[in-house]
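**Student:** would you be able to build a 3D model of this:
(one chain, ligands or ions: 1)
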Amino acid sequence: MASEYRPERPSLAVQRQSPELKQPTGACESSSDDLFEWAITEALFAKPLSLFLTAWAGHIPFLFALFKLSKPRNYVELGVQYGGSFVAACSAAARYDIGTSCFGIDNWQGDRHSRSYDGDDEFRKLSEYLKRHFPTAVLHRKDFSDALQTFEDGTIDILHFDGLHTLEAIQRDFADWRPKLSRRGIALFHDISLREAEFGVWKFWDRLKTSCRTIEFYHSAGLGVAFVGPDQTPAVNRLLSQWETNDPFREFFRTTCEHIGRELPDRMMATLPAPQPSKVRRLLRPIKRFAKRLAMVGSAGSGK
Ligand SMILES: C[S@@+](CC[C@H](N)C(=O)[O-])C[C@H]1O[C@@H](n2cnc3c(N)ncnc32)[C@H](O)[C@@H]1O
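**Tutor:** Alright, predicted model coming up:
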């Protein structure tokens, strides 16, 4: 959307070749309270392989936790653009080694809430990036409605709606795609906090959340998470029952996701791989030469 999306291109994004793409061994399942909390904490501090700047960045830590707890067999994203949220999903699937198939759908033509961008160029760059790093991920360059027949009914575990954000558009997209959700189905909706004219996801969300179990965040334009399918994994059910019955947990979890999400771009920068010692020596050489010259000038000036 115009006010939030910076026209950041994959080549300009924060890139990070992560040695930690896979979770550390010993990261665990939810067999006790401590382990459950650790499982969530580990996920919230995980990072995507690259961060292509997007208004969605603040929700990436939660996305990792969601992948870890729900182990989706597939993830479908409606509205990919530069790939910020899509690459995060591919990274989460790789980290937890859960065999998730990731599909991204976009016509790469932009819409009236996204700034205009060069769709051909962005599609090409993202396709090349995915081929290198996540070769099993699939992009469909189509209108959402034309991609419907690609997926069987009842098969999608996580369906992420992030196309045009008017009320009419989200109602139409959800009506079209709702039958595709599996019995474990989870739907994500970005921009539930934006109430300016034209943005209508919040109205849609206010109605939807009376009909199923949900989690919601207000930062980074807001994210609604609807657990539409009746057969969620035990770990997801556990998160939901904490969310629904434990007020301090809910506040803690929401605030933690928000803070960690906001800091993600900084943490990505902070963990760029350390330069090799030989490179450091090369970089230091002119500084050392300069220091030597300074010392010589200094000693000449002091008459020594
Ligand atoms: C908000 S951006 C997606 C941002 C992305 N999820 C991220 O966080 O980095 C919305 C994208 O949806 C696409 N879009 C909107 N309506 C569409 C439709 N009906 N069919 C295909 N693509 C659509 C636009 O081309 C635009 O690239």
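**Student:** alpha carbons only for contacts and neighbour counts from here, please
**Tutor:** Will do.
**Student:** got a list of contacts for the strand ranked longest in the chain?
**Tutor:** If you go by DSSP state E, the chain has its longest strand at strand 181-190. Residues from elsewhere that reach strand 181-190 (CA atoms under 8 Å, 6 or more residues apart in numbering): 56, 153-162, 201, 221-233.
**Student:** report the buried members of those residues.
**Tutor:** Among the contacts of strand 181-190, those scoring as buried are 56, 154-162, 201, 221-229, 232 (criterion: 16 or more other CA atoms under 10 Å).
**Student:** so what strands line up beside the longest strand of the chain?
**Tutor:** strand 156-161 (parallel), strand 223-227 (antiparallel) (DSSP bridges).
**Student:** which residues of the protein lie near the ligand?
**Tutor:** 1, 54, 56, 79-85, 106-111, 114, 142-144, 162-164 (CA under 6 Å from any ligand atom).
**Student:** give the PyMOL command for selecting the buried subset of the residues you listed.
**Tutor:** To isolate the buried ones among the residues of the chain next to the ligand in PyMOL, judged by 16+ other CA under 10 Å, type:
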select buried, resi 1+54+56+79+80+81+82+83+84+85+106+107+108+109+110+111+114+144+162+163+164
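**Student:** which of the residues of the chain next to the ligand fall in strands?
**Tutor:** Counting by DSSP E, the residues of the chain next to the ligand contribute D106 to strands.
**Student:** any low-confidence regions in the stretch 151-300 of the chain?
**Tutor:** Low-confidence segments of the stretch 151-300 of the chain (pLDDT under 70): 271-300.
**Student:** for the ligand, what is the nearest residue in it?
**Tutor:** Nearest residue of the stretch 151-300 of the chain to the ligand (CA to the nearest ligand atom) works out as G163 at 3.7 Å.
**Student:** and the residue nearest to that residue when sequence neighbours are not counted, how far is that from R95?
**Tutor:** Leaving aside its chain neighbours, G163 sits nearest to G79 (4.6 Å; criterion: CA to CA, 6 or more residues apart in numbering). Using CA to CA, to the nearest Å, we find G79 at a distance of 23 Å from R95.
**Student:** swap in D121?
**Tutor:** From D121 to R95 the distance is 28 Å (CA to CA).
**Student:** looking at these two, which has the bigger crowd around it?
**Tutor:** R95 (22 against 13; other CA atoms under 10 Å).
**Student:** give me the element the more buried one is part of.
**Tutor:** helix 84-96 (DSSP states H and E).
**Student:** which other residues reach that helix?
**Tutor:** 20-23, 47-54, 56-57, 60, 63-64, 67-68, 75, 77, 80, 99-100, 102, 104, 134, 137.
**Student:** buried ones in that helix?
**Tutor:** Buried, per 16+ other CA under 10 Å, within helix 84-96: 84-96.
**Student:** same check, this time on stretch 141-150
**Tutor:** Buried, per 16+ other CA under 10 Å, within stretch 141-150: 141, 144.
**Student:** tell me the angle the host helix or strand of V236 makes with strand 181-190.
**Tutor:** Following DSSP H and E, the helix or strand that holds V236 is helix 234-245. Calculated by axes from the mean of the first three to the mean of the last three CA atoms, to 10 degrees, helix 234-245 forms an angle of 50 degrees with strand 181-190.
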